[in-house]
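> Here is the input, now give the coordinates:
(chains A and B)
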Amino acid sequence: MYAFVDLPFSPSGVTHLTRLHKAVGFEKELREVEEVLEAALYGNVNVLAVVIAPYGWGKSELLDEVEKLAKERGFLVHRTALSLGFVIDLPTKGRDEPLLVLIDEADEISRLAAVHKLGALGDEQFMKLVQKTATLIRALLEPRSYRHILGDPERYNKVAIIAAFTPQLYYTILKNVVPDVFEITSGRVYREIVLDTRYPFWQYVETVKQRLASYSTPERIKRIESGDLDALSPFTIWELAAIYHLAKRKGEATPRYLMKLTARLFQLKKEGGRLAELLREEGVDVELDYDVLELAFAAIPFDKKIAVSKEIYLYRIPYNDKDALASIKEYLILKGVDFDIKDPKNASYEPYVYYTLIEDGKLYVYLLSDRDIGLDNYLIGKKYIVSEDIARLLGWEETQTIAALTKEYSQKLENPLALFEEIERIAGIEGIKLKYCCGYALWLNNMGIREIHIFTHVDKEEELKKVVENLAELITQGVFNGYAIDYIDIFVTSRVLLTDTIQNSISPLLLTYWKKYYKEPASNFVTIHIYGADRFEKLKHEIIKYEINKFLKRESKLPQFVDVLRLGRERSRENIMKYTLALKKGKERKFAALIKIAEQLDQGQVVEGFKSYRQIEEIILDVIEESIHEKELKSVIGSLFPTSLWRDFREEDLVELFKLRGVVVPHGDRLYKYNIELARQYITELLRQLEELSIVKVEKQTPYGLIKEYEKINVEIYDINFEDLKTYAKVLREILLKIYEVKEKYEEVRKRLEEKIEEKIKIIKRVSLLLEKLPQRRKYLDIEKVKEEDIRREEAILQKYVEILKTWEEVKGIAKSLGLSLDVEKDLVFLLELPEPWLDDYLVNLKLYAVELQKRYEKYLEEARSKKTAAEWLRQKLGLEGEVEKIIEIAATKLGVTPKLLFAVARRGRGAVLDIEQLSTETGMERDIVEKELEKLHRVGVVEKKYVA
Amino acid sequence: MSLKIVIVKDHEEIHDGDVVIDAREPFQFFDVVILGGREIKSIIAVGQTSGGVPVGIGKYTKKVVASIINGRIYIRGVPLALYKEMGLLEKELSAIKKKRDEFDILIEKLKQIVIAERKKYRRSPSLSALNNYVEGLSTSLPSHLADIVEGVDRETLKKILTRLFEEVY
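Numbers count the residues shown, from 1 in each chain, chains lettered A, B, ... in the order given. Now for the predicted structure:
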């Protein structure tokens, strides 16, 4: 219908069997191919080149061009597809006849590689394919070694192999599985040609135009040449713009997809259809008039005003007019569009904003603007686009929002402080905010590295001077407001001063020694970002672009300053790490480990973790000059070196190590650089300290007096003579080690003595309680020497003492009643004068005696009772009164009886039965005599007869 | 035959008795009386004796607290009332006396031997033998001596020898 000899577009998007067209935009790649072919042709060597491009990006198209080119150069071309059934079937060629083998990756292989990655190797056929390909390439590159495959190797000279692979197959699989072939450095690949994956609008239009021309009948060509027919016919530029817009929206502006869409439109139009139907097929579901939908989707201007259109300015700017491009760049940035004025491949198409076309062999940018942007000579005039409300139906709102946002950002970033805050946020700098001249600073500890980020804005020379002065001070001191610094990152911006001016003022500072004493320049620890008047806007636009992309959730490159910061940080980290120390010790105490390190360093050994020690020592000795206060030295170390990165090693440990190395000698609170006189004084002082530790003396004031304990410790040192730094350090370490050991021992002993005193106090308390009760025992309880067994002994004595007194208390009255002169208290007084009084024995005897006393007392009471009865009986029977013993004697004599019998009768009282037997036993008198004497008593009427047995 | 024990109190004079306990003040010290090799529980030593043959020493002071003066035992001490009341004082002293009597017999026998030897040889070989034995210079005694002192330990023998020397010279 359109006067074509064949379909210009394959419905599948793949290349034609009989190719009439020419690929567009492969100039660069073809130049590289040409070099490869020439290498084979003239170099008389066999070469391999690999073309790498993603699926659908025109590998086959390029190979078509290559094939054509090679043929023109006299190459015999053998083209084969790399598919699962791949077979090696090379044509026969004569010697010196150039051969080009083109290997094109088949889609099935691309899919396998993309989906399964290295897992595809699990497929036996796939694995064989890889091996076969590698073998073929090896054979072609080194025919002598593959005679069994190629036959006569002499014939296989001047061979070029060009293989086109997807990145998935090439990078993931082939390079890993057969690196001897595909590794660029060690393998056999002569050249890697990476296909430029950008496919801008103008290239697409040119491809379509060229494709249409290639398949045109001569009549059609004539009509085009005569101006009768547009070269894009049957398409219009609006249709192509709409197709590009569609592909772009789907994120697939690839040659194959675009060709597929173009082929479909070609087909539709051939059948009387139109673009709007294609848009519907592709899911654009908006209820709009087809004409309007097509124009709205094309998003480029049209000539005729329609009901839903709005007027715009259209400019046509040649791409080679860089000045003009620079001025529209800013305008485009405000629209949220990043426009590259250097690489035409990046100048493509942005709906409602701009598009690009090749006209008369030159690239033009068509810019749509709702205002006059001042490029009058490029102004085409006023044109129309569909109005915003309609465009919004197709998702144009985004563009509008972006424009608004961009404007807002741009205004905000006019304020340098706001700009710095954005930089902070993007670079992820969070720290303590400090005042700094012409801006501010942030201090932070970034994984052990103390960083300061300075943000300054200078518009006047004086301000710049001040910044330089402050920076110089910062670099020299390495401390800001008391915060130590390992790394400086500084931003200097200006809207007046040029970058070079600022650079020239600051650069000399970077050559000065870092922190004054380092032996390397400050530049190793400082990153500078200068954005003078000439770069200020660029910085702003970079930030705006990043923010907008982030807002749109588009993938976006971080602004350049982030990379600069990261690189600077990394580089500085490497330098900073050179000043780290790490103490690796076993179970020994830190001090012992330090002594060991000092010795190893003295012997010139390499100490693990102390590689940088010597340069640190050198720097510190420079700082010290003659002497330094120990506290100041610690602070200097903290500010000079990245101590937070040091492992198990602190500033004070380094000071200790200096002392142990003998390079500094303590004198009072200060440390002096080694000199023999001070060293001698110090050794004397240490020996004195050691001597002090030789006696552990513990005293404690208690209510019972001062309690003291002593113990001696051996502190002997054998050799204390030295003559120089090295021998001094050795002697010093020996003494310090001894002090260290003795101190440990001292502590141990002190603790023990304290415990001993505590024990003693407990004992003394017990002793005191004892002595309160038994003061006379004091001489046997020497507080100084008293032992546990003494206390126990005395406690037992006290217990017995108490028991004796108690027992005595029970019988004391009885003893008195019995008229005994026993004085137990007095006995105890004597007994308690003895170290070991036998109170046990005494108590036992007292108890026995108490029982006896009881008995005696009972007997005594019984006698008293008997005497009373007898007295009563004597008074009644005989009328006698007085002392019983006397009356009995008198009465017995009078009555002529034995007194004891008379008492025995009398004590029984009146009316008692007088048993002769009992009376005989009681008195010890013969029975007959008892009977006779009772008879006598009867006769005088004292006892009744009848009672006499 | 019961033992006549005399306790001399303050402001009293020493008078006869088998055992004299001098309990008069002032007291020099307090100690345990060791008499005849055993500790006496019924008397607390309070001072040192002078003169006579020492027979008892203070356990801690090691001073002579009992001696034989003119054939009777003289103890510088204070009897404990309880032990005295219970008759333990007499019991303890009687045991000592009995032992002392045994010593007297032993000493008498040895004395006779020594005197007889001296008459015969001017010097007594038995006395020398006893001395050497006590001093540890010899490990055994001649059989005629061994029979007499059988069962007497070396320490007691030393005391016997002291008395023997006193009585012979």
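> Tell me the strands beside the one helix or strand A:Tyr315 maps to, with direction?
Under the criterion of DSSP states H and E, A:Tyr315 resides in strand A:309-318. Here strand A:309-318 has these sheet partners by DSSP bridges: strand A:362-369 (antiparallel), strand A:379-386 (antiparallel).
> And the spatially most central residue of chain B, how close does it get to chain A?
Geometric centre of chain B, nearest residue: B:Val55, 3.1 Å, by C-alpha atoms, centre = their mean. Distance, B:Val55 to chain A, by C-beta to the nearest C-beta, to the nearest Å: 20 Å. Using the backbone N, CA and C atoms, a C-beta is placed for each residue, glycine as well.
> Surely that residue forms part of a strand?
Yes. Counting by DSSP: H, G, I helix; E, B strand; the rest coil, B:Val55 is located in a strand.
> Relative to B:Lys4, how far out is it?
Going from B:Val55 to B:Lys4 by C-beta to C-beta, to the nearest Å gives 17 Å.
> where exactly do the strands run in chain B?
Assigned strands in chain B, in chain order: B:5-8, B:19-22, B:31-35, B:38-45, B:53-58, B:64-69, B:72-79 (criterion: DSSP state E).
> and chain B, which residues reach chain A?
Within chain B, the positions near chain A by C-beta under 8 Å from any C-beta of the partner chain are B:30-32, B:41, B:44, B:60, B:78, B:80-83, B:85-86, B:88.
> For A:Lys936, state which of those is nearest.
Of all the residues of chain B next to chain A, B:Glu85 has the smallest distance to A:Lys936: 43.0 Å, by C-beta to C-beta.
> What residues does the closest one make contact with?
The contact partners of B:Glu85, taken as C-beta atoms under 8 Å, 6 or more residues apart in numbering or on different chains, are A:Leu820, A:Leu822, A:Tyr849.
> sec struct for the first one, please.
Taken by three-state DSSP, the conformation at A:Leu820 corresponds to coil.
> measure it to chain B for me?
Separation of A:Leu820 from chain B (C-beta to the nearest C-beta) stands at 7 Å.
> List the buried residues for stretch A:598-612?
Across stretch A:598-612, burial judged by 16 or more other C-beta atoms under 10 Å in any protein chain shown covers A:Ala598, A:Glu599, A:Leu601, A:Asp602, A:Val607, A:Gly609, A:Phe610, A:Ser612.
> What's the local residue count around the residue of chain B found nearest chain A?
Of all residues in chain B, B:Phe30 sits closest to chain A, at 3.5 Å by C-beta to the nearest C-beta. For B:Phe30, the tally of surrounding residues (other C-beta atoms under 10 Å in any protein chain shown) stands at 22.
> Against A:Tyr780, how distant is the closest residue to it other than its chain neighbours?
Spatial nearest neighbour of B:Phe30, chain neighbours left out: A:Glu833 (3.5 Å); criterion: C-beta to C-beta, 6 or more residues apart in numbering or on different chains. Distance, A:Glu833 to A:Tyr780, by C-beta to C-beta: 10 Å.
> Then A:Thr893?
A:Thr893 sits at a distance of 65 Å from A:Tyr780 (criterion: C-beta to C-beta).
> try A:Ile695
Distance, A:Ile695 to A:Tyr780, by C-beta to C-beta: 31 Å.
> Quick check on these two: which one has the bigger neighbour count.
Set A:Ile695 next to A:Tyr780 and count neighbours by other C-beta under 10 Å: A:Tyr780 wins out with 18 against 13.
> before we move on, the earlier item: to A:Asp303, which of the strands paired with strand A:309-318 lies closest?
strand A:379-386 (6.4 Å).
> Next, the buried residues of the closest one.
In strand A:379-386, counting by 16+ other C-beta under 10 Å, buried: A:Leu379, A:Lys383, A:Tyr384, A:Ile385, A:Val386.
> next one: stretch A:697-712
A:Val698, A:Ile707, A:Glu709, A:Glu711.
> Switch the residues you listed over to a markdown table; also include distance to chain B, pLDDT and secondary structure.
Below are the buried residues of stretch A:697-712 laid out as a markdown table (distance: C-beta to the nearest C-beta, whole Å; pLDDT from 0 to 100; DSSP: H, G, I helix; E, B strand; the rest coil):
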| residue | distance to chain B | pLDDT | secondary structure |
| --- | --- | --- | --- |
| A:Val698 | 33 | 93 | strand |
| A:Ile707 | 28 | 84 | strand |
| A:Glu709 | 29 | 89 | strand |
| A:Glu711 | 32 | 92 | strand |
